[in-house]
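J.: structure here, sequence nowhere to be found:
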Ligand code: DQA
């Protein structure tokens, strides 16, 4: 059974309480449950980690990322400066979808740069928590395409 690794970076454990006008009221547990359900319906397994620590995200990628068929990652603020995280992602061959709940390009200038984007397959930003589900949808169809 193919596995999708889902990573959430710093502060995303606070979803539901954190700036709901920007990030909505859904919790991380609810997002993960929706992803697990969608993946299961397509015969895929999900492994997930939220961490406030870049090194923990890297350890997870080094452990799970290499065997995963696809990666979904919202790096939180590490998006904008997490070069070690970027290097860990760059080492993987599985497709990587970078997800942002908010439209980072409509926000402060420091959010307009993603050091992860150049090593990601694609990016979804500004579509709320459903961006994660759209990322999963894309991975499901992508993995079903003949390779
Ligand atoms: C975010 C956008 C980042 O700039 C921010 O630091 C986050 C969340 C988003 O999902 O919109 O923590 O990645």
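T.: Great, that's in hand. Source: prediction; values computed, not measured.

J.: got the phi and psi for residue 122?
T.: In terms of degrees, to the nearest 10, the main-chain angles of residue 122 are phi -160, psi 170.

J.: just the element for the nearest residue to it once chain neighbours are set aside, please.
T.: Computed as Cβ to Cβ, 6 or more residues apart in numbering, the closest residue to residue 122 that is not its neighbour in sequence is residue 97, at 5.7 Å. Placement of C-beta: from N, CA and C, glycine included. Taking DSSP states H and E as the definition, one finds residue 97 inside strand 96-100.

J.: which is the next helix or strand following that strand?
T.: Past strand 96-100, the next helix or strand by DSSP H and E is strand 122-125.

J.: what does this structure put close to the ligand?
T.: 11, 74, 76, 77, 79, 100, 101, 102, 104, 111 (Cβ under 6 Å from any ligand atom).

J.: and the contacts of stretch 84-93?
T.: The contact list for stretch 84-93, computed with Cβ atoms under 8 Å, 6 or more residues apart in numbering, reads 9, 54-55, 57-58, 61-62, 65-66, 68, 71, 73, 75, 78, 96, 115-116, 118-120.

J.: quick one: mean pLDDT over that stretch.
T.: Averaged across stretch 84-93, the pLDDT comes to 98.

J.: what residues sit buried inside that stretch?
T.: 85, 86, 88, 89, 92 (16 or more other Cβ atoms under 10 Å).

J.: now name the helix or strand holding residue 134.
T.: helix 130-144.
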